[in-house]
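Participant: pasted the sequence and its predicted model underneath.
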Amino acid sequence: MKTAAVKPAFNVDELRAQFPILKELVHGKPLVYFDNAATSQKPRRVIKAESAYYATINANVHRGVHTLSTKATEAQEAAREIVRKHINAKHAHEIIFTSGTTAGINLAAASLGQLLLKKGDEVVISGMEHHSNIVPWQLACERHGATLKVIPITDSGEWDLKQVPFSGKTRILAISHVSNTLGTINPVKKLIAQAKKQGIVTVVDGAQAIAHLNVNVQDLGCDLYAFSGHKAYGPTGIGVLYGRDELLERMPPWQGGGEMIDTVTLIQSTWAKLPFKFEAGTPNIAGIIGLGKAIRWMEDYDKAVMARHEHALLQHATKELLAIDGLRIIGTAKEKVGVISFVIDPSSASGSGVHHYDLGTLLDQQGIAVRTGHHCTQPLMDRFGVSGTTRVSFACFNSMEEVDTMVAALKKAIKMLR
Ligand code: C6P
C-alpha cells in the first residue's frame with residue numbers, strides 16, 4: 001500500500017532561508033516584504049530551475065526532432081501536468097499557458113464574446129474586480145452590443161448576493177475568487193452553481209487565490225479559471241487559463257500564429273487540437289518550467305497550514321492597526337486572505353489625515369514594502385469614497401516580528417506626517 005508523503009513541519013525560519021531576497025537590505029534596513037499581492041518573492045528552487053533550463057536544455061518546444069527540443073518539450077508538458085493536478089482539472093489539454101491573469105481574461109473575453117455575445121446580451125461582473133476583469137469585458141460588450149451589469153459591494157467588502165443582476169439575457173459571469181484590494185474570499189462556488197442553473201458561462205479570476213487556497217476547478221464547477229505564476233512564488237510572464245474542454249472546443253482562437261494551426265493555405269486555416277489552439281507563438285518555456293517548480297514547492301507544504309499561518313498574521317496585524325488613532329480598514333469581510341487595505345482619517349487630536357503615498361514612501365525608507373494607490377480597482381475606490389489605500393499583503397514566509405516592525409514604523413511615519 002502506498003503511504004502519503006509526509007510534509008515538513010511549518011517553520012517560518014526554515015521557509016525564509018529559501019528566499020534569497022529576504023536577506024537584502026533596503027535603505028540599510030532588513031527588507032520587510034508586504035507586497036505579495038502585487039507579486040510574491042521566489043524560492044531558490046524556482047530561480048535555479050529557470051536558469052538551469054537556459055544552461056542545459058534551451059530549445060524551442062514541439063518543433064524539432066533534436067534532443068534539446070525533445071527535452072524542453074518534455075519539461076514543458078511535465079509542468080502542464082503539475083498544474084493540472086494542482087487545480088484538479090480533468091485533462092492536461094484543459095491547461096492553457098498564457099502570460100498571466102490579464103492575458104487569460106483577455107483570451108476569455110475575446111473568444112467567449114465572439115462565441116456567445118450578441119446585441120442586447122448581458123455580462124455580469126462584481127464591483128470589486130481588478131481592472132483586468134473589467135476592461136476586457138467592456139471591450140467585448142462594446143464589440144458585440146452587449147451590456148455590463150455589476151454585483152454591488154456591501155460596506156464590509158462582500159458581494160451583495162441579494163442584488164445579483166442575473167436576467168434571461170445574462171450569458172457570462174466573470175468574478176474574482178479573492179479580492180486583491182480587500183482580501184475578501186468570495187463565495188464563488190455558490191454563485192457559479194446559481195449561474196449554471198441559468199445556463200450562464202462562468203469565468204473566475206483566480207490571481208489572488210492560487211497562492212493561498214486549495215483551488216479545485218471541478219469542485220468550483222467553473223468553466224474558465226485564470227491565474228498568474230508570479231503571485232504564487234513562480235516567475236513573472238507566465239500564467240494559466242484553465243477551461244472545461246467541451247467549452248474550449250467550441251471557443252474560437254484568440255491569437256493566430258505558429259503552433260496554433262493544423263493546416264494553413266493562403267485562403268484559410270484550421271486549428272490545432274487543445275491546448276495548442278490557444279497557444280500561438282513560442283511560449284515562455286523557462287517560465288512554464290519555473291511555474292511547475294513553484295507549484296511543486298508549494299505542494300511540499302500543506303496549503304491549509306500555510307493559510308493558517310497567514311491568517312494568524314492577518315489577525316495580529318488587524319488588531320494592532322485598529323489601535324492606531326484614525327486608522328480605518330477598508331474590507332472587513334468574515335472570510336479574508338492576508339490582505340489589509342487601510343486609510344488614515346483625520347485624528348481627534350491633530351484633525352488631519354495622512355496620504356497613502358506619503359505613508360508608503362516613509363515605510364519604504366524603513367525597509368518596508370507595501371503597495372499604495374488604487375490597486376487597479378478604481379470602481380472599488382469610488383464605492384468606498386477614497387482615492388487610494390495603503391495595502392499590506394502577506395505570504396507564507398512573513399513573520400509576526402515583521403508585523404510588529406511594520407506597525408512600529410507606521411506609527412512613526414504617521415507621527416511625522418500629522
Ligand atoms: N494585481 C496587485 O497589486 P497580472 O498582472 O496579469 O499578473 O494580474 C492581474 C490581476 C488580475 N486580477 C487580480 C485580482 C489581481 O490582483 C491582478 C494583479 C496586482 O493587486 C497588480 S495590479
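Facilitator: Everything's here; your move.

Participant: hey, let's count contacts and neighbours off CA atoms from now on
Facilitator: Noted.

Participant: tell me who's in contact with the residue of the stretch 151-300 of the chain found nearest the ligand.
Facilitator: Nearest residue of the stretch 151-300 of the chain to the ligand, counting by CA to the nearest ligand atom: Asn180, 4.3 Å away. By CA atoms under 8 Å, 6 or more residues apart in numbering, the contact list for Asn180 reads 37, 130, 208, 339, 375.

Participant: for those, which ChimeraX command selects only the ones that are buried?
Facilitator: Remark: buried members of the contacts of Asn180, expressed as a ChimeraX selection using 16 or more other CA atoms under 10 Å:
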select :37,130,208,339,375
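
Participant: mind picking the two most distant members of the contacts of Asn180?
Facilitator: His130 and Val339 (14.7 Å; CA to CA).

Participant: using JSON lines, lay out the contacts of Asn180 together with secondary structure and pLDDT.
Facilitator: As requested, the contacts of Asn180 are exported to JSON lines (DSSP: H, G, I helix; E, B strand; the rest coil; pLDDT from 0 to 100):
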{"residue": "Ala37", "secondary structure": "coil", "pLDDT": "98"}
{"residue": "His130", "secondary structure": "coil", "pLDDT": "99"}
{"residue": "Gln208", "secondary structure": "coil", "pLDDT": "98"}
{"residue": "Val339", "secondary structure": "strand", "pLDDT": "98"}
{"residue": "His375", "secondary structure": "coil", "pLDDT": "98"}
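
Participant: check the contacts of Asn180 one by one and keep those near the ligand.
Facilitator: 37, 130, 208, 375 (CA under 6 Å from any ligand atom).

Participant: shaky segments in this protein?
Facilitator: 1-5, 348 (pLDDT under 70).

Participant: change it to 90
Facilitator: 1-10, 62-64, 303, 346-353, 418 (pLDDT under 90).

Participant: which residue does it bring closest to the ligand?
Facilitator: Ala38 (3.2 Å).

Participant: burial count for that residue?
Facilitator: By other CA atoms under 10 Å, 15 other residues sit near Ala38.

Participant: doesn't it belong to a helix?
Facilitator: No. Using DSSP: H, G, I helix; E, B strand; the rest coil, the assignment for Ala38 is coil, not a helix.

Participant: give the helix, strand or coil label for the residue lying closest to it once chain neighbours are set aside.
Facilitator: Spatial nearest neighbour of Ala38, chain neighbours left out: Lys231 (6.9 Å); criterion: CA to CA, 6 or more residues apart in numbering. Here Lys231 is coil, with the state taken from three-state DSSP.

Participant: so what's Lys231 up against?
Facilitator: 36-40, 207-208, 210-211.

Participant: show me which pair in those residues is furthest apart.
Facilitator: Among the contacts of Lys231, Ala38 and Ile210 lie farthest apart (CA to CA), at 13.2 Å.

Participant: so who does Val135 touch?
Facilitator: Here Val135 is in contact with no residue (CA under 8 Å, 6+ apart).

Participant: I misspoke; the intended subject was Lys336.
Facilitator: 182-185.

Participant: that one pairs with what?
Facilitator: In this entry, Lys336 is beta-bridged to Thr184, by DSSP bridges.

Participant: ok, now the one 5 residues further on?
Facilitator: Here Ser341 sits in beta bridges with Ile330, Arg391, going by DSSP bridges.

Participant: check the gap between it and His375 for me.
Facilitator: Going from Ser341 to His375 by CA to CA, to the nearest Å gives 10 Å.

Participant: give me the common contacts of the two.
Facilitator: Thr181.

Participant: doesn't Ile125 lie inside a strand?
Facilitator: Yes. Under three-state DSSP, Ile125 falls within a strand.

Participant: that one: neighbouring residues, count only.
Facilitator: Neighbours around Ile125, by other CA under 10 Å: 23.

Participant: got the domain ranges for the protein?
Facilitator: 12-36+303-417, 47-299 (automatic domain parsing).

Participant: what's the closest of those to Val6?
Facilitator: Comparing the domains of the chain by CA to CA, domain 47-299 comes nearest, at 11.1 Å.

Participant: which parts of the stretch 201-350 of the chain sit against the ligand?
Facilitator: 205, 207-208, 228.

Participant: in helices, which of the residues you listed appear?
Facilitator: With DSSP state H as the criterion, helices contain none of those.

Participant: and those, which are buried?
Facilitator: 205, 207-208, 228.

Participant: still on that earlier bit, pick the most deeply packed of the domains of the chain.
Facilitator: domain 47-299 (a mean of 20; mean count of other CA atoms under 10 Å).

Participant: how distant is that domain from the center of its chain?
Facilitator: 11 Å (CA atoms, centre = their mean, to the nearest Å).
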